[in-house]
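Sequence and predicted structure below; questions after.
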Amino acid sequence: MKALNYSEKNVDKVLTVKDLEKTYPQWRKEPTKAVDGISFSVDKGEIVGFLGPNGAGKTTTIKCICGLVEPTKGDITIYGIDAVNDTRKAVSNTSAVLEGNRNIYWRLTTRENLEFFARLHGRSLKEAEPEINALLKRFDLQNKENEPARKLSRGMQQKLALSCALIRGTDFLLLDEPTLGLDVKTSKEMRAFVKQLTSNGGKTILLSSHDMNVVEDVCERVIIMNEGKILANDSVNNLKDIFNVHLYDFILEGEPKLSDLENEYEISDIHYENGKTKLRVSLKKSDSFYELVNHLQKKDIKLEEVKNLDKNMEEIFMNVIEKEGL
Amino acid sequence: MKEHIIFYSVVKKYFIELKRYFLNTLMSMIGIFIMFLLVFFGLRSFEAGTDTLQGSIVGFAMWIFAVMAYSEMSWGLLQEARDGTLEQLYLTPSTFRRISAYRVFGSFIFQFMLFTVFLGIMMVVTGQYLTLNAGVIILIGLTLLSIYGLGYIMGGLSLVFKKVQAGNQILQFLFILLLVLPTITDHQIIYFMPLSWGNHMINKMMIDGLSLFDFTLLEYLILLVNSFAYLIIGLFIFSLMERSAKKRGLLGHY
């Protein structure tokens, strides 16, 4: 099994996880190994996605990072602070949304929740109030600020949970399934906001999700986990390149000679039908597509239709899981 | 140090939640009061003496105080786990033990206000008048430290084992026994049990009219050692249980 290592950039590391192992002891049963010696890091300003099926070890890893689960072995540092032995100090730089809408007090109003979590992190109301107002506005919760959280819709509760994590004022965020159970519109809004947090807000985010689209849309880098191990750790684009995923179907007019094309490009299938030529081409780089179109034009070959068959994150994920690595 | 902001936030939340559940709070108070009237008039029908009747008022009020203080620790913690907010309380620059202590402080303030109102109504209804002054409040506070210790133990157990309600019911009956223990026996055992010695001193002040200066240094020493010993043991066991819950990944479970 081969796992790709993300090329280390020479920038500040916000999170470093080294040889992390977590085995849950069980009464009169075999212990369960949830995380099996994983190592990775997250750089300042990055959004890293954790992908994996149920029981892959994503949530356990996130909970080990924020000190809610004690690791069996390994080192974790957050901003250089030892999060295993000095958890309190390390998590003072960290916020987390762990179970979506269950992270807020349903009996408190929207504003009371935000005020409570700001103060819980030692922030005075005077300091946090402008941010509370900005978050209420950003998430369209202004009209609901005096409503008890239990009366909000699921999407609003999720937005409030994220706001409560943000109002703590930390730069490192852990988001466990932040879009779970949200409708398409709210999920899109959340994704856009999460992306903004790193581009404008200077935050660093480690996000776990079942939703491949969320990871593909939001994250720069993906860590694929299964059975407690990291199977892949690379940028979304690199993963696509590795899987030769720039796949196109071309429909050409007539039955032109394609021998020179076959020498230059990887053509997996050619067949002729109703006076047309259908060919499937795998390109190493997405830029090669334009070269191929130019090539066809130069040869006076008329292009009738092109279909992009690029694999999405879901296909990449299935490939990695099935092959147990890259 | 920003600890005072965290303290304020926890106490404020406690009172907001009480307000939101005003009807529930009120109904439970009425239920407790009816229970008290049954005990008091039941005793009176057996032609119990004035001392016994006054003792029952103080004892009942202390029992309510103890049950509420203890429930705040164990039940409150389980409620947080159920709501999914318990883990968030671990993600602060403070410690969870401190946050629990702040909540308990909030509940002490509330319970004391209730205690005063209750006592006033009880005295008017029963015609038995008792002393309530700053000295009594100090003794109640010190006595309850041992109960908070027990609360931390049960809170810790509920972190790991989740369902410990049966233990809660046993403790509620145990509190009655501990409160009446000094009236049953003079044995030194009352120095070592939680609640008993403190309640004995409170009775002396409220019924016999003694002041704080009427107790000996040794009597205070027994109270302090007893209360702090239970509190420290409670905190120690809570830490062990908390560690075990973190090892087993049980903090967020309910």
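All right, it came through fine.

Give me the helices and strands touching the strand or helix carrying residue A:231, please.
Of the helices and strands defined by DSSP states H and E, residue A:231 is found in strand A:229-235. Secondary-structure packing of strand A:229-235 (3 or more CB pairs under 8 Å, 6 or more residues apart in numbering or on different chains; DSSP states H and E): strand A:32-43, strand A:221-226, helix A:313-323. Every C-beta, even on glycine, is put in place using the N, C-alpha and C of the backbone.

Make CSV from those and add mean pLDDT, distance to residue B:115 and mean neighbour count to it.
Shown next, in CSV, are those (pLDDT from 0 to 100; distance: least, CB to CB, whole Å; neighbours: other CB atoms under 10 Å in any protein chain shown):
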stretch, mean pLDDT, distance to residue B:115, mean neighbour count
strand A:32-43, 93, 48, 19
strand A:221-226, 89, 54, 24
helix A:313-323, 68, 60, 17
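
And these: which comes nearest residue A:19?
strand A:32-43 (5.2 Å; CB to CB).

Which strands or helices does that closest one pack on?
If you count contacts as 3+ CB pairs under 8 Å, 6+ apart, strand A:32-43 packs onto strand A:13-24, helix A:58-65, strand A:204-209, strand A:229-235.

what are the pairing partners of it, and which direction each?
The pairing partners recorded for strand A:32-43 under DSSP bridges are strand A:13-24 (antiparallel).

residues making contact with the partner strand?
Applying CB atoms under 8 Å, 6 or more residues apart in numbering or on different chains, the external contacts of strand A:13-24 come out as A:31-44, A:46, A:57, A:60-61, A:64-65, A:69, A:71-80, A:171-172, A:204, A:206, A:228, B:247-249.

Rounded mean pLDDT for it, please.
For strand A:13-24, mean pLDDT is 94.

cool, and stretch A:190-209?
For stretch A:190-209, the mean confidence score works out to 85.

Would you mind listing the buried residues in it?
Under the neighbour-count criterion of 16 or more other CB atoms under 10 Å in any protein chain shown, stretch A:190-209 has A:190-191, A:193-195, A:197-198, A:203-209 buried.

ditto for stretch B:76-89
Buried positions in stretch B:76-89, judged by neighbour count with 16+ other CB under 10 Å: B:76, B:77, B:78, B:80, B:81, B:83, B:84, B:85, B:86, B:87, B:88, B:89.

Contact residues of chain A facing chain B?
A:22, A:24-25, A:34, A:60, A:63, A:66-70, A:88, A:91-92, A:94-96, A:98-99, A:102-108, A:112, A:115-117, A:119-124, A:148, A:164, A:168 (CB under 8 Å from any CB of the partner chain).

go again using 7 Å as the cut-off
Contact residues, chain A versus chain B (CB under 7 Å from any CB of the partner chain): A:24-25, A:60, A:63, A:66-70, A:88, A:91-92, A:94-96, A:98-99, A:102-103, A:105-108, A:112, A:116, A:119-124.

Buried ones in the strand holding residue A:231, by neighbour count?
Taking 16+ other CB under 10 Å as the neighbour-count basis, strand A:229-235 is seen to contain the buried residues A:229, A:230, A:231, A:232, A:233, A:234.

Give me the neighbour count for residue 93.
Assuming you mean chain A. Here the neighbour count serves as a burial measure; for residue A:93 (other CB atoms under 10 Å in any protein chain shown) it reads 18.

hmm, I had chain B in mind actually
Residue B:93: 18 surrounding residues under other CB under 10 Å.

Also residue B:146?
Neighbour number of residue B:146 under other CB under 10 Å is 27.

Can you read off the pLDDT for it?
90.

and the gap between it and chain A?
28 Å (CB to the nearest CB, to the nearest Å).

List the buried residues in the strand or helix carrying that residue.
Secondary-structure assignment from DSSP H and E places residue B:146 in helix B:134-161. Going by neighbour count (16+ other CB under 10 Å), the buried part of helix B:134-161 is B:135-136, B:139-140, B:142-160.

ok, the residue nearest to the spatial centre of chain A to residue B:25 distance?
In chain A, the C-alpha closest to the average C-alpha coordinate belongs to residue A:49, at a distance of 2.5 Å (CA atoms, centre = their mean). Here residue A:49 is placed at a distance of 45 Å from residue B:25 (CB to CB, to the nearest Å).

and the nearest residue to residue B:205 once chain neighbours are set aside, what does it touch?
For residue B:205, the nearest residue in space outside its immediate sequence neighbours is residue B:136; the separation is 5.2 Å by CB to CB, 6 or more residues apart in numbering or on different chains. Contacts here follow CB atoms under 7 Å, 6 or more residues apart in numbering or on different chains; on that basis residue B:136 touches B:202, B:205, B:206.

In terms of helix, strand or coil, where does the nearest residue to the last one once chain neighbours are set aside fall?
Using CB to CB, 6+ apart and skipping residues adjacent in sequence, the residue nearest residue B:206 is residue B:130, 4.5 Å away. Under the three-state scheme (DSSP: H, G, I helix; E, B strand; the rest coil), residue B:130 adopts coil.

is it true that residue B:130 touches residue B:207?
Yes: with contact taken as CB atoms under 7 Å, residue B:130 and residue B:207 are classed as touching, separated by 6.4 Å.

what sits in contact with each of the two?
Residues within reach of residue B:130 and of residue B:207 at once, by CB under 7 Å, 6+ apart, are B:54, B:58.

any idea which helix or strand comes after the helix ranked longest in chain B?
For chain B, the helix with the greatest residue count under DSSP state H is helix B:50-83. Tracing the chain past helix B:50-83, the next element assigned as helix or strand by DSSP H and E is helix B:86-90.

Are that following helix and chain A in contact anywhere?
Yes: shown here: helix B:86-90 in contact with chain A (CB under 7 Å from any CB) through B:87, B:88, B:90.

Run the chain-centre distance for that helix.
Between the centre of helix B:86-90 and the centre of its host chain there is 24 Å, according to CA atoms, centre = their mean, to the nearest Å.

could I get that helix in CSV with only the CA atoms?
Extracted C-alpha coordinates of helix B:86-90, given in CSV (Å, rounded to 0.1, in the frame of the first residue of the first chain):
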residue,chain,number,x,y,z
LEU,B,86,-20.6,18.8,27.2
GLU,B,87,-17.6,18.5,24.8
GLN,B,88,-17.8,22.2,24.0
LEU,B,89,-17.3,22.9,27.7
TYR,B,90,-13.9,21.1,27.5
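
is it true that residue A:62 touches residue A:174?
Yes: Residue A:62 lies in contact with residue A:174 (CB under 7 Å); the separation is 5.2 Å.

Show me the common contact partners of these two, please.
Residues touching both residue A:62 and residue A:174 (CB under 7 Å, 6+ apart) are residue A:206.

Toward the C-terminus from the helix or strand that contains residue B:168, list the very next helix or strand.
When elements are assigned from DSSP H and E, residue B:168 belongs to helix B:165-184. Counting by DSSP H and E, the element after helix B:165-184 in chain order, helix or strand, is helix B:189-192.

Buried ones in that following helix, by neighbour count?
For helix B:189-192, using 16+ other CB under 10 Å, the buried residues are B:190, B:191.
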